[in-house]
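> could you work out the structure for the sequence below:
(chains A and B)
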2 protein chains.
Amino acid sequence: MSKKISNTVIKRLPRYYRYLGDLLENDVVRISSNELSKRMDVTASQIRQDLNNFGGFGQQGYGYNVEYLYHEIGKILGLDRKYQVIIIGAGNLGQALGKYSDFERRGFIVKGIFDVSPSLVGQSIRGINIQDYSEIKDMIKSQNIDIAILTTPKHQTIQVATDLVTYGIKSIWNFAPIDLKLVLPKEINVENVHLLDSLMTLTYRCANPEKD
Amino acid sequence: MSKKISNTVIKRLPRYYRYLGDLLENDVVRISSNELSKRMDVTASQIRQDLNNFGGFGQQGYGYNVEYLYHEIGKILGLDRKYQVIIIGAGNLGQALGKYSDFERRGFIVKGIFDVSPSLVGQSIRGINIQDYSEIKDMIKSQNIDIAILTTPKHQTIQVATDLVTYGIKSIWNFAPIDLKLVLPKEINVENVHLLDSLMTLTYRCANPEKD
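Residues are numbered from 1 along each chain as shown, chains lettered A, B, ... in the order given. Model prediction:
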């Protein structure tokens, strides 16, 4: 793709994909940008602009073919292939992600779960043994791991992320409360889920109810 | 507060709080907006502007007192009080959140965990019994619940959220893949964590590596 797509647009694509998936489930065949706009609380012109970044997909007077657009956006999102993933950190959250069987259905194959704690190593999550962290290098090299999911404690995260990048990992889904983008090479893909940041945004709204 | 603060600024506040917490842990007493800017990858003028929304806190030529600013931002974020929370949905993610003991330390007291599944009801998470969903109304009324955490399956979420609002819940931390803001009354605070949206943003970057 030659054109650089803005982060704001990229962040909206999964929402389009989710809404179109809902429409598909409800057997909706086509939808206008106006209807989609009402459901998603994004303006119709914004939707048209966003999709024009990727070549449009709509037809004047017809709208969008839901199934076609769903699959095209899926392709843009890279969902037309499988991803081999590993989870580092087998605490509560790492275990929950490891147990999430929908992952597999969506094309994310959990190839390994790693921890340093002797009390966790050897346990099994959905048939996957928790391995010692020292074995991670071999796994990454031998299994062509695409994505590392980090649920490590904060103070270990930078070291682990640096290791992973050295071993060849290019994409990190990071749940640790650290902004990894600032410490890793620019070409590494990092997507952060900062749960406590999100919860604090909610407490802000509790503490500062809107007047109008 | 009379002035309306933009969502973008609100979303940055937890990051300021997190960085200032790190500085505090490392015994840093004061910091200039320039130094903070370098660490956070936000411009110094942006930091000054953001904080000016709440009265400034900085002193020309001195910078910010880290401990003072940390506590002031904590207050703005509503973190100077405790919150009574309930979790609805005791699946993998609900259980992981229920087990997260740091919650309590940060002022979020889990008063109840609810599910409809007979195989889960009666089980205990960190000493908290999983209760049947039918008991939720009494809990909300009797315990002054501030925040409901939703980890329900997608197709049950709108009904559950509507129930909760009827029973008096004002704030929802939503993990279900539904944009609840669009279906609930405007005055209800909703903060979404859309895990799959986040993962798809990452696969987008895998599929579309930047050329430059």
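> where does chain A have low pLDDT?
Chain A contains residues with pLDDT under 70 at A:1-3, A:58, A:211-212.
> show me where it has its helices.
For chain A, the helices defined by DSSP state H cover A:7-25, A:33-40, A:44-52, A:66-76, A:92-99, A:102-105, A:136-143, A:154-166, A:195-207.
> tell me the angle the longest one makes with helix B:154-166.
Here helix A:7-25 runs at 110 degrees with respect to helix B:154-166, directions being taken by axes from the mean of the first three to the mean of the last three Cα atoms, to 10 degrees.
> helix A:7-25 and chain B in contact?
Yes. Contact between helix A:7-25 and chain B, assessed by Cβ under 8 Å from any Cβ of the partner chain, occurs at A:10-11, A:13-15, A:17-18. C-beta: built from backbone N, CA, C; applies to glycine.
> mark which of those residues are buried, thanks.
Buried members of the residues of helix A:7-25 next to chain B, counted by 16 or more other Cβ atoms under 10 Å in any protein chain shown: A:10, A:13-15, A:17-18.
> which of the residues you listed sits closest to A:Asp115?
A:Pro14 (29.1 Å; Cβ to Cβ).
> can you tell me which residues contact that closest one?
Taking Cβ atoms under 8 Å, 6 or more residues apart in numbering or on different chains as the criterion, A:Pro14 is in contact with A:77, B:194, B:196-198, B:200-201.
> what's the distance between the closest residue to A:Gln131 other than its chain neighbours and chain B?
In this structure, A:Gln131 finds its nearest non-sequential neighbour in A:Phe114, 5.4 Å apart by Cβ to Cβ, 6 or more residues apart in numbering or on different chains. Using Cβ to the nearest Cβ, to the nearest Å, A:Phe114 is found at 17 Å from chain B.
> relative to A:Ala96, how far out is the closest residue to A:Glu191 other than its chain neighbours?
Nearest residue to A:Glu191, sequence neighbours excluded (Cβ to Cβ, 6+ apart): B:Leu202, at 3.9 Å. Separation of B:Leu202 from A:Ala96 (Cβ to Cβ, to the nearest Å) stands at 18 Å.
> do the same with A:Val160
19 Å.
> then A:Val9?
Distance, A:Val9 to A:Ala96, using Cβ to Cβ: 30 Å.
> equivalent analysis for A:Thr201, please.
Separation of A:Thr201 from A:Ala96 (Cβ to Cβ): 22 Å.
> A:Leu97 contacts A:Thr151, correct?
Yes. Between A:Leu97 and A:Thr151 a contact is recorded at 6.9 Å, counting by Cβ atoms under 8 Å.
> give me the common contacts of those two.
By the contact definition Cβ under 8 Å, 6+ apart, A:Leu97 and A:Thr151 are jointly contacted by A:Ile87.
> compare B:Leu202 and A:Ala96 (neighbour count), which wins?
Higher neighbour count among B:Leu202 and A:Ala96: B:Leu202, with 23 against 20, using other Cβ atoms under 10 Å in any protein chain shown.
> the more buried one and A:Lys170 touch, don't they?
No. Checked against Cβ under 8 Å, the pair B:Leu202 and A:Lys170 is beyond contact range at 10.4 Å.
> list residues touching both of those two?
A:Asn189.
> A:Pro153 contacts A:Ala90, correct?
No. Taking contacts as Cβ under 8 Å, A:Pro153 lies outside contact range of A:Ala90: 11.8 Å.
> the more surrounded of the two?
Under the criterion of other Cβ under 10 Å, the comparison of A:Pro153 against A:Ala90 puts A:Ala90 first, with 26 against 12.
> wait, what's in contact with the more buried one?
Taking Cβ under 8 Å, 6+ apart as the criterion, A:Ala90 is in contact with A:98, A:113-115, A:117, A:120, A:123, A:125, A:130.
> out of the residues you listed, which are buried?
For the contacts of A:Ala90, buried by 16+ other Cβ under 10 Å: A:98, A:113-115, A:120, A:125, A:130.
> which one of these is nearest A:Ser142?
Using Cβ to Cβ, A:Phe114 comes nearest to A:Ser142 of these, at 14.2 Å.
> what is the closest one paired to in the beta sheet?
Judged by DSSP bridges, the bridge partners of A:Phe114 are A:Ile88, A:Gln131.
> let me know whether it touches A:Asn129 as I believe.
No. Between A:Phe114 and A:Asn129 there is no contact under Cβ under 8 Å: 10.1 Å.
> now the closest residue to A:Tyr204 other than its chain neighbours: phi and psi?
In this structure, A:Tyr204 finds its nearest non-sequential neighbour in B:Leu77, 5.0 Å apart by Cβ to Cβ, 6+ apart. Dihedral angles of B:Leu77 (phi, psi; degrees, to the nearest 10) stand at phi -80, psi 0.
> distance of B:Leu77 from B:Leu97?
Taking Cβ to Cβ, one finds B:Leu77 at 19 Å from B:Leu97.
> A:Ser198 too?
Separation of A:Ser198 from B:Leu97 (Cβ to Cβ): 12 Å.
> and for A:Val165?
29 Å.
> more crowded one of these two?
B:Leu97 (25 against 18).
> for the more buried one, give me its contacts.
Residues in contact with B:Leu97 (Cβ under 8 Å, 6+ apart) are A:92, B:87, B:103, B:149, B:151.
> okay, now the second one: neighbour count?
When you say that, I think you mean B:Ile87. Residues within reach of B:Ile87, counting by other Cβ under 10 Å, total 27.
> close enough to count as contact, it and B:Lys99?
No. The criterion here is Cβ under 8 Å, and B:Ile87 misses it with B:Lys99 at 10.5 Å.
> rewinding a little: determine which two of the contacts of A:Ala90 are furthest apart.
Largest separation among the contacts of A:Ala90 by Cβ to Cβ: A:Gly98 and A:Ser117, giving 14.6 Å.
> touching chain B at all, stretch A:145-154?
Yes. Under the criterion of Cβ under 8 Å from any Cβ, chain B is reached by stretch A:145-154 at A:146-147.
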